[in-house]
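A.B. asks: from the sequence below, what's the structure:
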Amino acid sequence: MQTVEVLSGPEPASEAVPCCPPLTERPLSVAEAERTAVMFKALGDPVRLRLFSLIASHEGGEACVCDISDVGVSQPTVSHHLKKLREAGLLTSERRGTWVYYRVEPSVMAAMGQLLTH
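C.D. replies: Reported below is the predicted structural model:
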């Protein structure tokens, strides 16, 4: 029987998920800009952006940490960056046995797409 455990830790920042209209529709409010900046700040690091991309594009929409750890930095650094993405509300994680699986929040992808459309 496989054990599934949702990792505990800092709750994802609810401010990180953008809830904004497309940038071409109207200027962002202060609150919208602050929420969206949290997301972009987390993605502003090349390693984090690559990890986010690897997870988002992985077959089945989720990736085991064992499948995405080869990004040119040490394993502890990968863990640090994954934690930052989780804290920003961009990823969720789930422990299955000894491995941790990451998934991009579907609402994040939809909101990012909406924000950047014209």
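
A.B. asks: from here on, contacts and neighbour counts on C-alpha atoms
C.D. replies: Fine.

A.B. asks: by contact count, what packs against the helix or strand containing residue 36?
C.D. replies: According to DSSP states H and E, residue 36 maps onto helix 30-43. If contacts are counted by 3 or more CA pairs under 8 Å, 6 or more residues apart in numbering; DSSP states H and E, helix 30-43 sits against helix 46-57, helix 75-87.

A.B. asks: hmm, try it at 6 Å
C.D. replies: When contacts are defined as 3 or more CA pairs under 6 Å, 6 or more residues apart in numbering; DSSP states H and E, helix 30-43 sits against none of the other helices and strands.

A.B. asks: name the residues of that helix that are buried.
C.D. replies: For helix 30-43, the neighbour count (16 or more other CA atoms under 10 Å) marks 32, 35-39, 42-43 as buried.

A.B. asks: next, the angle from that helix to helix 75-87.
C.D. replies: 160 degrees (axes from the mean of the first three to the mean of the last three CA atoms, to 10 degrees).

A.B. asks: how distant is helix 30-43 from the center of its chain?
C.D. replies: Chain-centre distance of helix 30-43: 13 Å, with CA atoms, centre = their mean, to the nearest Å.

A.B. asks: repeat that for stretch 100-115.
C.D. replies: For stretch 100-115 - counting by CA atoms, centre = their mean - the centre lies 7 Å from the chain centre.

A.B. asks: stretch 48-66 too?
C.D. replies: Centroid separation for stretch 48-66 versus its chain: 9 Å, with CA atoms, centre = their mean.

A.B. asks: swap in stretch 94-104?
C.D. replies: 14 Å.

A.B. asks: with stretch 64-71 instead?
C.D. replies: The answer for stretch 64-71 is 15 Å, by CA atoms, centre = their mean.

A.B. asks: one more: stretch 104-118?
C.D. replies: 12 Å.

A.B. asks: roughly how far does the closest residue to residue 84 other than its chain neighbours sit from residue 115?
C.D. replies: Among residues not flanking residue 84 along the chain, residue 42 sits closest, at 6.6 Å (CA to CA, 6 or more residues apart in numbering). Distance, residue 42 to residue 115, using CA to CA, to the nearest Å: 16 Å.
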